[in-house]
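>>> Okay, predicted coordinates and the sequence, questions at the end:
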Amino acid sequence: MACGCTAEELAELATLETMYAAINAAILAILSGAQEYLLDTGQSRQNVKKADLDKLRTLRSEIQDEIGPLKDRCSGNSGSVYVRPAF
């Protein structure tokens, strides 16, 4: 990835991606029948229960919203593309 961000931003991106993967694993375990799951994001450990599925989905969405712009910035994409007709 061409880097357009700082070392701190790269570290934050790695942390967010680790958290995203951990949350996906928890959601998959619960959807596969587990009633309880130990969620270890690398920064915290907590037991989540089937009733927490909506919270997990919300948290996953929030993390995804943080990852997108940060990944764009680190890859050098501005995120905005302007197109004009050629006529």
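Received it, and whenever you're ready, just let me know what you need.
>>> Show me where the protein dips below the pLDDT cut-off.
1-3, 77-83, 87 (pLDDT under 70).
>>> Leu38 belongs to a strand, doesn't it?
Yes. Counting by DSSP: H, G, I helix; E, B strand; the rest coil, Leu38 is located in a strand.
>>> begin at 16 from here
Okay, using 16 as the starting number, the last item reads as Leu53.
>>> neighbours of the spatially closest residue to it that is not a sequence neighbour, just the number please.
Take Leu53 and drop its neighbours on the chain: the residue closest to it by C-beta to C-beta, 6 or more residues apart in numbering is Asn62, 5.8 Å away. Where you see a C-beta, it was placed from the backbone N, CA and C, and this is true even at glycine. Using other C-beta atoms under 10 Å, Asn62 has 10 neighbouring residues.
>>> Asp55 is in contact with Asn62, correct?
No. If you go by C-beta atoms under 8 Å, Asn62 and Asp55 don't touch, sitting 10.4 Å apart.
>>> Mind giving me the packing neighbours of the longest helix seen in the chain?
In the chain, with assignment by DSSP state H, the single longest helix is helix 22-46. If you count contacts as 3 or more C-beta pairs under 8 Å, 6 or more residues apart in numbering; DSSP states H and E, helix 22-46 packs onto strand 51-55, helix 68-90.
>>> Quick one: residues in contact with that helix.
The contact list for helix 22-46 (C-beta atoms under 8 Å, 6 or more residues apart in numbering) reads 18, 20, 52, 54-58, 63, 65, 67-68, 71-72, 74-75, 78-79, 81-82, 85-86, 88-89.
>>> Just the buried ones from the residues you listed?
Buried members of these, counted by 16 or more other C-beta atoms under 10 Å: 20, 52, 54, 56, 63, 67, 71, 74-75, 78, 82, 85-86, 88-89.
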